[in-house]
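[1] Please find the sequence and the predicted model below.
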Amino acid sequence: MTIDNDSDLDPQETQEWLEALEAVLEEEGLQRAHDLLGALQDKARAAGVHMPYSANTPYINTIPVDQEEYTPGDPGMEWRIRSLIRWNALAMVIKSNRVTSELGGHIASFASSATLYDVGFNHFWHAPNDQHGGDLVFIQGHSAPGIYARAYLEGRLTEQQLDNFRQEVDGNGLSSYPHPWLMPDFWQFPTVSMGLGPIQAIYQARFMKYLHNRGLVNTEGRKVWCFCGDGEMDEPESLGAIALAARENLDNLIFVINCNLQRLDGPVRGSGKIIQELEGDFRGTGWNVIKVLWGSYWDPLLAADKKGLLRKLMEECVDGEYQNFKAKGGAYTREHFFGKYAELKQMVSHLSDEDIWRLNRGGHDPHKIYAAYAQATKHQGQPTVILAKTVKGYGMGVAGEGKNITHSQKKMGEQALKDFRDRFHIPISDDQLYAAPFFKPAEDSPEIQYLKARRAALGGYLPQRRRTAPPLQAPALASFDALLQDTGERDMSTTMAFVRILTQLARDKAMGRYVVPIVADEARTFGMEGMFRQIGIYSPRGQLYEPQDADQLMFYKEDKKGQILQEGINEAGAMSSWIAAGTAYANHGVNMVPFYIYYSMFGFQRIGDLAWAAGDIQARGFLIGGTSGRTTLAGEGLQHQDGHSQIFAQFIPNCVSYDPTFAYELA
């Protein structure tokens, strides 16, 4: 490959270096090239050379064509099944909004991500069974209709339930989004409000490592998959904990970001590139990044791009332009994309406008997606993020494909329905079309048999939620006898009494190992430092240093098998850990007893949305607001004085709140 660079002082020498690198790649492989470049970089830095830095790679697929893992299965069959799921998801929203437009729903989000889910369901995501603990899949909330449509083909949901989408009050409908409270045997995780899915996924993956390292549950081979949108990544919770995932080497975590370049009102980064921005965020933090931008129809063009001009153009175009290329068709793309360079326009002269419009994005190509998923599941030592470029409203045509209005589209006209039907070969006649009926092949059809066989090979159906785990043996009340007695003249704060109870629980032979103390850098405030040495602070690397207070009785002890989750100044992370521990009964078949102890003023009012999600997911555990009240620590001022947490707690129906005063009440 040659390069054109007007600022290069010696293009011939540059070309010789490039040819040398190509020879190494050809003769000795990728790893040798990696080692050589690393050595050159170290040498240059040692000599004081200012090294150019970028966390970004070129705007092409991360995995070269010759390194893509082969896609198993029957691609044609999977396309037919995926098309039926697309139709039924669309019909569900359209039909419900003919009942009343107040029901709402979303067509465009699943339309853009259908292939991303389909490849996972068919080839990667394990259900919990006797041989496998099951993968945890956080499904993007707005894609719920597509998940229901698949479950309908699987026979898990009825047509009547689909007809009652967003009309679940009488118990025979489907919730608007993933809600474990409303569908307790179906949904694993609540992922709306946006941003809560990503942060919960990170801490679920971390808690799986915690369970494994402490010898409580074997979580080897299990993954946490989190699906989110590019617009959703602007939520602070979405990116706020990605450093933890990198720092603790959570290679059991895979993010799939559906980069359709649009949010509700318009482009996510119209004058920029959201994929490049996210790549920099994640790669700079220490994640493995896989970009899936261009589908297989682009491969011949990229292979013919000997001068790198097409790659250069791909870099130059911004997201607002890419949106237009899909919304305005092949002729527009010929003129406004390829037409920017005469050489590129000539390159596609043999293609019709229809051919150009069909040049697919990577997130709609099952072969590219399979290769990315396969590489992500095998990657070790880092979490992985897959940035998949898609089209919002894919398949909706004039009704919304790639248009700014598409997120809010709930209806489609008869012509748009006809175009959708024809595009995806849905066997529904013209006279039935306007009614938008659901379509399900016969039980013995090849499609249904294939669909069920794929899930059987992966252990069963997903999503599913299990609600039982072996009960724990609680200690007898007599164990806390000292706290049930009058303390006489000796003063004891409620917080001190709690710490004694927690210490006693952690020492209990039957229940102790299942107790999970969680703190957000306030353990010393509550007098918990004695537990540091007794049960240890969890650290996946153990303790690689001698603590400053090693000569003290209550020294700061980090341990790979440590029991305390010390989250630092991070209430949202601590609450996410509490949710992960409090749902272990459903996700891992083991009852854990989490205690999140926090400065009460920084409790519900800091993490109210996560607390509501904890109620939805039916987390079990204890939230302990220490130093509460208007008179405690008066010197800290009103910003530290809490007299309203109990009011906030009442907002969550299944949060049982209590304001104890005496030690015996706690015990």
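    All right, it came through fine.
[2] From the geometric centre of the protein, which residue sits farthest away?
    Glu489 (54.3 Å; C-alpha atoms, centre = their mean).
[3] quick one: that residue is in a strand?
    No - secondary structure of Glu489 (DSSP: H, G, I helix; E, B strand; the rest coil): coil, not part of a strand.
[4] Any figure for the gap between it and Asp251?
    56 Å (C-beta to C-beta, to the nearest Å). From N, CA and C alone the C-beta is placed, and that goes for glycine too.
[5] One more: Asp305?
    On the measure of C-beta to C-beta, Asp305 and Asp251 end up 34 Å apart.
[6] Surely Asn258 forms part of a helix?
    No - under the criterion used here (three-state DSSP), Asn258 is strand, not part of a helix.
[7] Contacts only, for it.
    With contact set as C-beta atoms under 8 Å, 6 or more residues apart in numbering, Asn258 has these partners: Ser109, Ser112, Ser113, Leu116, Gln140, Phe227, Cys228, Gly229, Asp230, Gly363, Ala388, Thr390.
[8] hmm, 6 Å instead?
    Ser112, Ser113, Gly229, Thr390 (C-beta atoms under 6 Å, 6 or more residues apart in numbering).
[9] Apart from its chain neighbours, what residue comes closest to the third one?
    Distance criterion C-beta to C-beta, 6 or more residues apart in numbering; nearest residue to Gly229, sequence neighbours excluded, is Asn258 at 5.3 Å.
[10] ok, what's across the strand from that neighbour?
    Taking DSSP bridges as the rule, Asn258 bridges to Gly229, Ala388.
[11] With the one 4 residues further on instead?
    Beta-bridge pairing of Gln262 under DSSP bridges involves Pro267.
[12] The spatially most central residue of the chain in helix, strand or coil?
    Nearest to the mean C-alpha position of the chain, by C-alpha atoms, centre = their mean, lies Cys226 at 2.0 Å. Three-state assignment for Cys226 (three-state DSSP): strand.
[13] residues touching it, list them.
    Shown in contact with Cys226 (C-beta under 6 Å, 6+ apart): Phe138, Gly197, Pro198, Ala201, Phe255.
[14] In helices, which of the residues you listed fall?
    Counted as lying in helices by DSSP state H, out of the contacts of Cys226, are Gly197, Pro198, Ala201.
[15] Now render the residues you listed as TSV, adding pLDDT.
    Output for the ones in helices among the contacts of Cys226, formatted as TSV (pLDDT from 0 to 100):
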residue	pLDDT
Gly197	96
Pro198	97
Ala201	98
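[16] Of those, just say which sits nearest to Pro470.
    Ala201 (26.0 Å; C-beta to C-beta).
[17] Distance check, that closest one against Val224.
    Taking C-beta to C-beta, one finds Ala201 at 5 Å from Val224.
[18] can you give me the strands for the stretch 501-650 of the chain?
    For the stretch 501-650 of the chain, the strands defined by DSSP state E, counting those that start in this stretch cover 515-519, 537-538, 558-559, 565-566, 593-599, 622-626.
[19] averaging pLDDT over each of the ones you listed, which comes out lowest?
    Between those, the lowest average pLDDT goes to strand 622-626, which shows a mean of 91.
[20] report the angle between the axes of it and strand 515-519?
    Relative orientation of strand 622-626 and strand 515-519, computed by axes from the mean of the first three to the mean of the last three C-alpha atoms, to 10 degrees: 40 degrees.
[21] Pull the residues that contact strand 622-626.
    Thr495, Phe526, Phe595, Tyr596, Ile597, Ser600, Gly603, Ser645.
[22] Check stretch 461-476 too.
    125, 127, 154, 180, 185-188, 455, 508, 510-511, 514, 585-586, 589-591.
[23] Counting neighbours, which of the contacts of Asn258 comes out on top?
    Among those, Ser112 has the most neighbours (other C-beta atoms under 10 Å), with 32 neighbours.
[24] Now do it, the pLDDT please.
    93.
[25] mind listing what it touches?
    Asn258, Asn260, Thr390, Val391, Lys392, Tyr394.
[26] helix or strand for it, which one?
    helix 108-123 (DSSP states H and E).
[27] Report the backbone C-alpha coordinates of that helix in PDB.
    Only the C-alpha atoms of helix 108-123 are listed here, as PDB (Å, rounded to 0.1, in the frame of the first residue of the first chain):
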ATOM      1  CA  ALA A 108     -36.700   1.800  15.000                       C
ATOM      2  CA  SER A 109     -34.400   0.700  17.800                       C
ATOM      3  CA  PHE A 110     -34.900  -3.000  17.300                       C
ATOM      4  CA  ALA A 111     -35.000  -2.600  13.500                       C
ATOM      5  CA  SER A 112     -31.400  -1.300  13.800                       C
ATOM      6  CA  SER A 113     -30.200  -4.000  16.200                       C
ATOM      7  CA  ALA A 114     -32.100  -7.200  15.100                       C
ATOM      8  CA  THR A 115     -29.000  -8.900  13.600                       C
ATOM      9  CA  LEU A 116     -26.900  -8.000  16.700                       C
ATOM     10  CA  TYR A 117     -29.400  -9.900  18.900                       C
ATOM     11  CA  ASP A 118     -30.100 -12.700  16.400                       C
ATOM     12  CA  VAL A 119     -26.400 -13.800  16.200                       C
ATOM     13  CA  GLY A 120     -26.200 -13.800  20.000                       C
ATOM     14  CA  PHE A 121     -29.300 -15.900  20.400                       C
ATOM     15  CA  ASN A 122     -28.300 -18.400  17.700                       C
ATOM     16  CA  HIS A 123     -24.700 -18.900  18.500                       C
END
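[28] what's the angle between it and strand 224-229?
    Using the same axes, to 10 degrees: helix 108-123 against strand 224-229 is 160 degrees.
[29] what's the spacing between helix 108-123 and its chain's center?
    Taking the mean of its C-alpha atoms, helix 108-123 sits 14 Å from the chain's own mean (C-alpha atoms, centre = their mean, to the nearest Å).
[30] Now rank the contacts of strand 622-626 by neighbours and give me the top one.
    Tyr596 (27 neighbours).
[31] Quickly note the distance from that one to Gly573.
    From Tyr596 to Gly573 the distance is 11 Å (C-beta to C-beta).
[32] Likewise for Ala327?
    Ala327 is 40 Å from Gly573, by C-beta to C-beta.
[33] okay, those two: which has more neighbours?
    Gly573 (24 against 18).
[34] doesn't Glu567 make contact with that one?
    Yes - taking contacts as C-beta atoms under 6 Å, Gly573 lies within contact range of Glu567: 4.6 Å.
[35] which SSE is Lys95 in?
    Here Lys95 is assigned to helix 75-99, by DSSP H and E.
[36] Helices along the stretch 551-667 of the chain, start to end?
    Using DSSP state H, counting those that start in this stretch, the helices of the stretch 551-667 of the chain run over 571-582, 584-587, 604-617, 645-649, 663-666.
[37] Quick check: which of the ones you listed is nearest to Thr333?
    Using C-beta to C-beta and comparing these, the one that lies nearest Thr333 is helix 604-617, at 41.1 Å.
[38] what does the closest one rub up against?
    With C-beta under 6 Å, 6+ apart, helix 604-617 has contacts from 179-181, 190, 193, 196, 571-572, 575, 579, 583, 645, 648, 652, 654-655.
[39] Ok, stretch 264-277 next?
    Asn56, Asp230, Gly231, Cys259, Leu261, Val318, Asp319, Gly320, Gln323, Leu387, Asn404, His407.
[40] ok, which pair from the contacts of Asn258 is furthest apart?
    Gly229 and Thr390 (9.9 Å).
[41] what's the neighbour count on the closest residue to Glu443 other than its chain neighbours?
    Excluding the flanking residues, the one nearest Glu443 by C-beta to C-beta, 6+ apart is Gly155, at 7.6 Å. A total of 13 residues lie near Gly155 under the criterion other C-beta under 10 Å.
[42] Tell me the spacing between Gly155 and Arg454.
    Computed as C-beta to C-beta, the Gly155 to Arg454 distance reads 14 Å.
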